[in-house]
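[1] what would the 3D arrangement of this be:
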Amino acid sequence: MELLFIIQCTFIFRFFGSSRDCWEISIMRICTSKSTLKKRLRQQEQLHRRETSLEFIEFSRFILLKNAGLYDGITREFIDRLLSTHLPETKLLGILQYPHKSFSILEVERLEDSEKIFNCLNCRLINSSNEKTHILFCYYISNPPLQMLNKPIQIKGLQLIPNFIGESLEIDLVNIVDEARPNSLKHRSVIHFGHDFDYETNKVTKTSSNPMPLACKTLFEKLACHQYIDSNFPDQLTVNVYQPGHGIPPHVDTHSIFGAKILIVSLGSSVIMNFRHPNETMHSVCLPPNSLLILENEARYLWSHSIPARKTDLIPVNNENVTLNTRGVRISFTFRWIQDKACNCSFPLQCDSQLSMAKKVPLPSSFEEASVFENRHVTNVYNTIADQFSYTRYSQWPRVKQFLEKFRDAILVDVGCGNGKYLNQCESVFKIGCDISSSLVNLCRSKECEVMTADCLHLPFRDGVCDAVISIAVIHHLSTIERRQAAINEILRILCDDGLALIYVWAMEQEYEGKQSVYLSKSIESPTVNCSQPSQRTYIGVHTNRTQFKQQDLFVPWHDKQRQHTEMRFYHIFVEGELEALCRTQGAIIKECYHDNGNWCVIVGKQVKS
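    A predicted model of the protein is given here:
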């Protein structure tokens with residue numbers, strides 16, 4: 001065991017805040033030459049592999065300090081005080097730190113200062129009361145990798161104006177909080193002016209016990225002077241007081257209640273606000289003290305915003321760097337316009353007004369109405385989404401494949417063949433597909449499949465012509481029981497006397513016999529639904545993707561890859577026993593019925609007339 005000679009000196013840094021922000025730093029010299037140098041070399045090799053923009057050289061004004069980055073909980077203030085205590089004569093030009101990186105880069109004015117820092121900090125331990133012990137390793141590099149810094153945020157409709165609030169206006173706004181009595185919520189204190197907001201119902205009252213403060217008039221006039229608003233001033237104000245460590249969950253301000261623009265003034269501590277797009281893209285925006293944030297367009301209606309509940313944030317420094325910032329008390333002033341009409345924005349899935357209207361779409365009441373309805377919400381949708389839909393439908397379901405493998409020297413018809421993923425199975429079977437979507441049929445033809453455009457209610461085949469029929473995820477797109485019966489009847493009509501048909505439809509029971517289907521997302525809480533007695537509604541609901549179905553007749557949204565456009569597909573969700581009963585009414589013989597990963601499935605034959 002090698003002998004360690006340790007010289008330890010301890011000093012304390014106390015930052016602004018409570019006693020929990022008190023750092024105790026221990027610096028120890030390590031004299032284990034071989035083991036330490038080997039470890040230093042290994043870490044240099046790792047840096048070279050992971051950070052290809054780094055160029056290590058023999059001597060430079062830039063020193064990379066390994067194991068002393070934001071990832072390790074080491075702030076720029078910490079490093080600055082460390083050097084000012086041990087090397088007060090050195091002149092430090094800058095400290096660069098990067099998000100999620102375990103190193104910092106120091107820039108000094110003179111080469112001799114660089115050498116002093118290297119000799120003082122290389123192969124030394126840093127030990128703090130709040131962090132584990134780290135060994136510091138120093139390396140000379142040619143230039144700092146600025147490209148690793150965060151790129152500018154691009155969110156349509158988001159505008160951040162730093163230092164918008166002057167000192168006198170700041171005092172006036174803070175006095176509003178001092179003179180009012182905030183209500184205490186779980187994560188913050190809140191005061192409403194102009195109109196009260198009910199967080200249980202997401203509604204506002206016509207008036208408030210707190211009228212709009214007179215101090216806001218000065219702010220509104222300044223906003224109008226800079227043309228951020230017109231002469232129509234905001235009529236609702238929500239003031240939130242956040243203590244260190246408190247935040248607010250992700251949300252989009254209610255479309256139906258508030259207007260097209262939202263203004264947020266931040267006072268006190270800096271904070272990071274996270275913006276999340278429905279496609280899971282996320283950006284973090286630092287709101288500095290006395291800043292104004294304007295949300296319009298996508299930033300207002302599409303992106304949710306939140307403040308993480310934590311006591312520290314990574315915040316920008318001089319637009320080229322970041323550092324770890326300890327939060328203090330923050331006061332936010334959110335100004336809105338109350339509207340008394342339904343929202344008609346371009347983001348229907350985030351819009352409670354448009355979702356509410358969608359929920360009032362009635363089921364078709366006749367065969368003819370249903371034909372027009374399905375043309376809009378089934379045929380046209382699949383023609384629009386065909387390419388992206390096909391990209392998500394590439395693997396054959398095991399039990400469908402097993403059914404197909406039963407047949408040899410047979411004729412198979414795939415009713416509703418989609419992108420034709422079942423038309424390349426079994427070389428000894430002649431397969432022909434049909435689909436009502438011409439776009440999907442064209443995709444099948446590009447794969448050299450035998451296909452045609454046809455309606456499942458009017459199949460263009462002779463009676464008894466085929467040995468097997470499959471209809472996978474098709475009949476649940478028909479909006480009336482009469483049309484679903486007609487589709488079953490057509491399948492039986494083209495089936496030969498000893499033929500078999502396999503039919504799949506979506507099941508209300510997405511969890512069956514203790515097993516959850518892959519459709520349900522583990523990260524989204526599904527409502528508890530009695531599947532044996534689903535909600536009976538005359539209006540078609542809008543389904544939340546990857547959750548348990550609430551009713552049988554639904555619009556299921558389809559989002560494009562960028563989630564800029566949404567199409568509503570109609571589905572009738574089948575309950576247990578419904579598909580079997582439907583087949584029996586058309587004279588089918590049930591050979592087998594089973595539940596397959598969120599689908600009800602039957603294998604049927606036809607009754608042979610004597």
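
[2] please make it C-alpha for all contacts and neighbour counts, starting now.
    OK.

[3] any idea how far stretch 198-214 is from the chain center?
    Taking CA atoms, centre = their mean, to the nearest Å, one finds stretch 198-214 lying 30 Å from the centre of the chain it belongs to.

[4] buried residues in that stretch?
    The neighbour-count check on stretch 198-214 (16 or more other CA atoms under 10 Å) flags 204, 212 as buried.

[5] end to end, how far does it reach?
    24 Å (CA to CA, to the nearest Å).

[6] again with stretch 503-513
    21 Å.

[7] and what of stretch 592-605?
    10 Å.

[8] and the closest residue to residue 64 other than its chain neighbours, what are its bridge partners?
    Using CA to CA, 6 or more residues apart in numbering and skipping residues adjacent in sequence, the residue nearest residue 64 is residue 105, 4.5 Å away. In this structure, residue 105 bridges to residue 64, residue 96 when assessed by DSSP bridges.

[9] and the closest residue in space to residue 107 that isn't next to it in sequence, backbone torsions?
    In space, and not counting its chain neighbours, residue 107 is closest to residue 62: 4.7 Å by CA to CA, 6+ apart. According to degrees, to the nearest 10, the main-chain angles of residue 62 amount to phi -110, psi 130.

[10] so what's residue 62 up against?
    Contacts of residue 62 were listed using CA atoms under 8 Å, 6 or more residues apart in numbering, and they are 105, 106, 107, 108, 114, 140, 141, 142, 143, 144.

[11] the same query, at a cut-off of 6 Å, please.
    106, 107, 140, 141 (CA atoms under 6 Å, 6 or more residues apart in numbering).

[12] mind listing the helices for the chain?
    Taking DSSP state H to define them, one finds helices in the chain at 33-50, 76-86, 111-121, 167-179, 215-225, 297-301, 352-358, 367-374, 380-392, 398-404, 438-446, 481-494, 578-585.

[13] pull the last one out as PDB, backbone CA atoms only.
    In PDB, the C-alpha atoms belonging to helix 578-585 read as follows (Å, rounded to 0.1, in the frame of the first residue of the first chain):
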ATOM      1  CA  GLU A 578     -70.200  -8.000 -28.700                       C
ATOM      2  CA  LEU A 579     -68.200  -9.200 -31.700                       C
ATOM      3  CA  GLU A 580     -69.400 -12.800 -31.200                       C
ATOM      4  CA  ALA A 581     -73.000 -11.700 -31.000                       C
ATOM      5  CA  LEU A 582     -72.600  -9.500 -34.100                       C
ATOM      6  CA  CYS A 583     -71.300 -12.500 -36.100                       C
ATOM      7  CA  ARG A 584     -74.100 -14.800 -34.900                       C
ATOM      8  CA  THR A 585     -76.800 -12.400 -36.100                       C
END
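
[14] so how far is that helix from its chain's centroid?
    For helix 578-585, the distance to the chain centre is 40 Å (CA atoms, centre = their mean).

[15] pLDDT on that helix, on average?
    Averaged across helix 578-585, the pLDDT comes to 96.

[16] what of the fourth one?
    Per-residue confidence for helix 167-179 averages out to 90 on the pLDDT scale.

[17] now that helix: buried residues?
    Neighbour-count burial for helix 167-179, counted by 16+ other CA under 10 Å, picks out 169, 170, 172, 173, 176, 177.

[18] packing partners of that helix?
    The criterion is 3 or more CA pairs under 6 Å, 6 or more residues apart in numbering; DSSP states H and E, and there are no helices or strands that helix 167-179 contacts.

[19] just the terminal-to-terminal distance for stretch 214-233.
    The first and last residues of stretch 214-233 sit 12 Å apart, counting by CA to CA.

[20] list the buried residues for it?
    Under 16+ other CA under 10 Å, the buried positions of stretch 214-233 are 216, 219, 220, 223, 229, 233.

[21] ditto for stretch 452-461
    452, 453, 454, 455, 456, 457, 459.

[22] most widely separated two among those?
    452 and 457 (14.2 Å; CA to CA).

[23] for residue 599, see how far away the closest residue to residue 403 other than its chain neighbours is.
    Distances taken as CA to CA, 6+ apart put residue 502 closest to residue 403, at 7.8 Å, once the chain neighbours are dropped. Noted for residue 502: a distance of 12 Å to residue 599, by CA to CA.

[24] right, and residue 313 touches residue 323 too?
    No: taking contacts as CA atoms under 6 Å, residue 313 lies outside contact range of residue 323: 8.1 Å.

[25] more neighbours: which of the two?
    residue 323 (22 against 18; other CA atoms under 10 Å).

[26] what sits against the more buried one?
    314, 315.

[27] check what pLDDT it gets.
    Looking at residue 323, the pLDDT reads 75.

[28] cool, residue 328 as well?
    pLDDT, read off for residue 328, is 92.

[29] which two among the buried residues of stretch 214-233 are spaced furthest apart?
    216 and 229 (13.5 Å).

[30] gap between residue 584 and residue 248?
    For residue 584 relative to residue 248 (CA to CA), the value is 54 Å.

[31] related to what we said a few turns ago, closest to residue 92 out of the buried residues of helix 167-179?
    Closest to residue 92, out of all of these and judged by CA to CA, is residue 170, at 34.6 Å.

[32] what bits of the stretch 201-350 of the chain have low per-residue confidence?
    201-202, 280, 317-322 (pLDDT under 70).

[33] could I get the full set of strands for it?
    Along the stretch 201-350 of the chain, the segments classed as strands by DSSP state E, counting those that start in this stretch run 203-204, 236-242, 248-251, 262-268, 271-276, 282-287, 291-295, 304-307, 312-317, 321-326, 330-336.

[34] ok, which of those strands comes nearest residue 96?
    strand 321-326 (5.9 Å).

[35] restricting to C-alpha, output stretch 468-478 in CSV.
    Listed next in CSV are the C-alpha coordinates belonging to stretch 468-478 (Å, rounded to 0.1, in the frame of the first residue of the first chain):
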residue,chain,number,x,y,z
ALA,A,468,-59.8,-17.5,-46.0
VAL,A,469,-60.6,-13.9,-45.1
ILE,A,470,-58.8,-11.7,-42.7
SER,A,471,-60.2,-8.3,-41.5
ILE,A,472,-57.8,-6.8,-39.0
ALA,A,473,-58.8,-3.6,-37.3
VAL,A,474,-61.4,-2.6,-39.8
ILE,A,475,-65.0,-3.2,-38.6
HIS,A,476,-64.5,-0.9,-35.6
HIS,A,477,-64.3,2.0,-38.0
LEU,A,478,-68.0,1.6,-38.9
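
[36] I'm done for today, thanks for sticking with me.
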